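> Compute the structure for the input listed below.
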Amino acid sequence: MFSIGVNTWVWVSPLTDDDLVRLAPRIARWGFDVVELPVERPGDWNPDKAAAVLAEHGLAASVVLVMPPGRELVAAFQETVRETQDYLRHCVDVAVTVGSPVVGGPAYASVGRTWRLSPDERRGVYAELREHLRPVLDHAGERGVKLAVEPLNRYETSLVNTVEQALDALPEDCHLALDVYHMNIEEKDPVQAVRLAADRIAHVQVCGTDRGTPGADRFDWPGFTEALRDVGYAGPLVIESFTAHNQSIATAASIWRPLAESQDALAADGLAYLRTL
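A predicted model of the protein is given here:
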């Protein structure tokens, strides 16, 4: 069986220590195995306190990075690149503290930043990305943490939309984070994309094709999870959705209406469906 997790974005943004104290007992009671912790800004929540809260409730952790405007690894001023590298190293250190084996997310450019690239320009940007990821990957490798870079859909980035592009863009020691929502938009065959990514997959986020409840949609969940098993993926399936009640995150993620009867129902019903797989 896959372990099943849920991102705290289902309920809150940004996460705080008090939020995690409130959410962790409920998440554990429903039967989740993992809580996904977004690092929106260093200092929003305390990693040592989070580790203690999760341990109290028998929950493991995963950590995701966040790329708002101003965090860039390519086509940016060197100071911006250095600050972004510092932030990514901080995420790795947070992962060590809370016991997450992976830091996942779109570690290349700010979400929503798009521009047209000729084939030659794309090759140049990918080379720049590999160069600027190197110190972060070295930092992560020294600490036993995998960096998993996530392809996003075309409306959120013009750099890395598919598994094939990610394999072309990233250093060989960099892993991939797959997100069903983005794959459903960009991959001609999500199951085949899993097989192409194979042992580079280090993290998987799931939700319905409308960003709602997994299973309450038309996605090929049995085929997708069978492919994950076939390539040897042993990490969690983490439900990532967003609350419509937080203005900033709802706008960033284009959440214009409730996606389930309640956020609790989205999580609990999604968990119940994923367990059937």
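
> count of residues packed around Asp199?
Using other CB atoms under 10 Å, Asp199 has 10 neighbouring residues. Using the backbone N, CA and C atoms, a C-beta is placed for each residue, glycine as well.

> Now stretch 63-73: buried residues?
Going by neighbour count (16 or more other CB atoms under 10 Å), the buried part of stretch 63-73 is Val63, Val64, Leu65, Val66, Met67, Arg71, Glu72, Leu73.

> again, but for stretch 107-116
Under 16+ other CB under 10 Å, the buried positions of stretch 107-116 are Ala107, Tyr108, Ala109, Ser110, Val111, Arg113.

> chain center to it: distance?
Centroid separation between stretch 107-116 and its chain, computed with CA atoms, centre = their mean, to the nearest Å, is 16 Å.

> ok, now how distant is Ala234 from His203?
Using CB to CB, to the nearest Å, Ala234 is found at 11 Å from His203.

> of those two, who's got more company?
His203 (30 against 10).

> What segments of the stretch 1-150 of the chain are helices?
In the stretch 1-150 of the chain, the helices defined using DSSP state H, counting those that start in this stretch lie at 17-30, 47-56, 78-98, 119-142.

> Quick one: distance of the last one to the chain centre.
Spelled out, that is helix 119-142. 19 Å.

> Over to stretch 109-124?
21 Å.

> among the helices of the stretch 1-150 of the chain, which is the most enclosed?
With neighbours taken as mean count of other CB atoms under 10 Å, these reach their highest mean count in helix 78-98, at a mean of 18.

> Please find the angle between the direction vectors of that helix and helix 47-56.
30 degrees (axes from the mean of the first three to the mean of the last three CA atoms, to 10 degrees).

> pLDDT of helix 78-98, averaged?
Model confidence over helix 78-98, given as mean pLDDT, is 98.

> List of residues touching it?
Contacts with helix 78-98, where a contact means CB atoms under 8 Å, 6 or more residues apart in numbering, come from 37, 39, 42, 47-48, 50-51, 54, 61, 63, 65, 70-73, 76, 100-103, 107, 132, 135-136, 139-140, 143-145, 147.

> By mean pLDDT, point me to the weakest helix or strand of the protein.
None of the helices or strands of the chain scores lower by mean pLDDT, DSSP states H and E than helix 247-252, at a mean of 73.

> Mind listing what's buried along it?
Ile249, Ala250, Ala252.

> Let me know the pLDDT of Val102.
Looking at Val102, its pLDDT reads 98.

> same thing with Thr243?
79.

> For burial, what's the neighbour tally of it?
19.

> got it, and Asp210?
16.

> likewise Glu226?
13.

> From the contact counts, what lies against the helix or strand where it lies?
In this assignment (DSSP states H and E), Glu226 forms part of helix 221-230. Contact here means 3 or more CB pairs under 8 Å, 6 or more residues apart in numbering; DSSP states H and E; on that basis helix 221-230 packs against helix 190-197.
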